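Novice: 3D model of this:
(one chain, ligands or ions: 1)
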Amino acid sequence: MTHAVALPRHGLFEAWREAARRAIGHRIPPEEIDWTGGEGLFAADPLPDSPGPHRAHVPAAFLQLARSVIWHSAPERTALLYRALWRIDRQEGDPLSQADPLGRRLNLMARAVGRDIHKMHAFVRFRELPGAGRRRFAAWFEPEHDTLEPGSRFFARRFADMDWTIATPRLTARFQDGRLSFHPGGPRPDLPEDASETLWATYFANIFNPGRIKLEAMRAEMPKKYWKNLPETRLIPDMLKDAEARVERMRQAAATPPRPGAAAVSTRYRAAMPQAADLPQTLAEARQAALLCRRCALCEAATQTVWGEGAPEAGLMIVGEQPGDREDLEGRPFVGPAGQLLRGAMAEAGVDPARVWLTNAVKHFKFVPRGKRRLHQTPGREEIQHCRWWLGLELAFVRPRMVLALGASAAFALTGNAAPLAPRRGGMETGLHGGPVLLSWHPAHVLRLTDPAARQAVLRELTADLARARQAAES
Ligand code: URA
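Specialist: As a prediction, the model looks like this:
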């Protein structure tokens, strides 16, 4: 090895690029360059100053990859990049491709850097520094790679109107009067606790839902090493200790049926009350109110209210039972496996999802936790009755000409009749809202059938009911 290159900690990419350009210009092979600065070498020369006679063609894809890999913490990153550049120049294979061992390694490194930057953006927490004048903030962060330089541009855009510092063990970024500068890193500074910390912690403790803890997913998304620096996650170990007991309390907090005679009392009470000022006046207002629903205990464990979607003045409303696991996470009805089946049958029946109102009888996911899974549970009558308030508002604002009830829960919600579905399926009944309701199978019922012939037959019936409901809504 005859040449040593010392690269700065900040401005690394430009410095490496400049050195690599000179090295390739002189056709200096990778094994003759020590990119660590020649520490410990007896006789290492710097690279020549001149650009050299050879002009390499550097593809944009390589530069893009290099711009990420360069921030990886592996000391060999600069040497690997130069080796790739050398091979590109000499047309030795394709060192950018995943099929090439070097290409694969570089791509993995780039991905790790991307993840690290993403984590920095998500987990840096600023605390306000005391003092008069312009507000100043500081944060401590321990990235896995040297990502402060590429990662801090995001903060400069986002917090352009304040002064801030992000300190890491290797580098410190300072943003002052609109200018970003970098300085050596150091040990963790003593930062003040501030009010927003308490706010974060309180907020997190409140939204923390023990029924939904997925520790593996949490660790993958927010590695444990970051927990101690985040006000909200410092609480996790304590909250986990209490998790099982809280899940049990939630389970026991199932909706209680009204006492006999309660309906009469509440009817009189409501009649005497002035019109509630917050009665939703539009479908959008109803949705807003439903998002905060606490009418029954299902809201305790579910992630969110899953409101209906589609055309607000649809002629046809399709009502399912309740959101499933996927719907609960995404906040949209019928996006999981049963939803896929339903949407396929709708396409077959000529029902355009954008022209119907697709919703559920119950707006929160009811489940029991089993290990890492959340198992669907059929909603009880009380829960359906509590949620009828919202279904009633959807019916009142959408005013569909035809309603299709999928499954027994929807049939009960819409008609008030809890008789078994099988003999009623395909029949038209009058809903509690006064309009026609066609009863059909729930798509999850189709999915549960293991016999292919039975499954086909039931799917055909569901498709036929969808087509009939569409025609009725159009006529
Ligand atoms: N099953 C339903 O009834 N509704 C959904 O939104 C998803 C599955």
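Novice: What residue in the stretch 51-200 of the chain comes nearest to the ligand?
Specialist: Ala122 (29.2 Å; Cβ to the nearest ligand atom). Any C-beta I mention is one placed from the backbone N, CA and C, and that applies to glycine too.
Novice: Quick one: check the helix or strand where Met317 lies for contact with the ligand.
Specialist: Taking DSSP states H and E as the criterion, Met317 maps to strand 316-320. Yes. On the criterion Cβ under 6 Å from any ligand atom, strand 316-320 is in touch with the ligand at Gly320.
Novice: hmm, back to that, pretty sure the residue of the stretch 51-200 of the chain closest to the ligand sits in a helix.
Specialist: Yes. Counting by DSSP: H, G, I helix; E, B strand; the rest coil, Ala122 is located in a helix.
Novice: What score does it have for pLDDT?
Specialist: Note on Ala122: pLDDT of 82.
Novice: distance of it from Gln340?
Specialist: 31 Å (Cβ to Cβ, to the nearest Å).
Novice: So for the two, which sits in the more crowded spot?
Specialist: Gln340 (14 against 11; other Cβ atoms under 10 Å).
Novice: can you dump the C-alpha coordinates of the helix or strand where that one lies into CSV?
Specialist: Using DSSP H and E, Gln340 falls within helix 337-348. Presented in CSV, the C-alpha positions along helix 337-348 are these (Å, rounded to 0.1, in the frame of the first residue of the first chain):
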residue,chain,number,x,y,z
PRO,A,337,-58.8,-10.6,4.1
ALA,A,338,-62.6,-10.5,4.4
GLY,A,339,-62.5,-7.1,2.8
GLN,A,340,-60.4,-8.4,-0.1
LEU,A,341,-63.0,-11.1,-0.7
LEU,A,342,-65.9,-8.6,-0.5
ARG,A,343,-64.2,-6.2,-2.8
GLY,A,344,-63.6,-9.1,-5.4
ALA,A,345,-67.3,-10.0,-5.1
MET,A,346,-68.3,-6.4,-5.5
ALA,A,347,-66.3,-6.1,-8.7
GLU,A,348,-67.9,-9.2,-10.0
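Novice: Moving C-terminal from that helix, which element do we reach first?
Specialist: Helices and strands here follow DSSP H and E; after helix 337-348, the next one along the chain is strand 356-360.
Novice: these two touch, right, Glu313 and Val398?
Specialist: Yes. In this structure, Glu313 is within contact of Val398 by Cβ atoms under 8 Å, at 6.5 Å.
Novice: okay, and the common contacts of those two?
Specialist: Common neighbours of Glu313 and Val398, counting by Cβ atoms under 8 Å, 6 or more residues apart in numbering, are absent.
Novice: These two: who's more crowded?
Specialist: Higher neighbour count among Glu313 and Val398: Val398, with 21 against 12, using other Cβ under 10 Å.
Novice: Chain neighbours aside, what residue packs nearest to the more buried one?
Specialist: Closest residue in space to Val398, ignoring its immediate chain neighbours: Trp357 at 4.8 Å, by Cβ to Cβ, 6 or more residues apart in numbering.
Novice: residue contacts, that neighbour?
Specialist: Here Trp357 is in contact with Gly308, Glu309, Gly310, Ala311, Pro312, Ala314, Leu316, Met317, Ile318, Glu394, Val398, Pro400 (Cβ under 8 Å, 6+ apart).
Novice: which helices and strands sit right next to the strand holding Met317?
Specialist: Contacting strand 316-320 under the criterion 3 or more Cβ pairs under 8 Å, 6 or more residues apart in numbering; DSSP states H and E are the following elements: helix 337-348, strand 356-360, helix 381-398, strand 402-406, helix 407-415, helix 452-474.
Novice: Perfect, that will be all.
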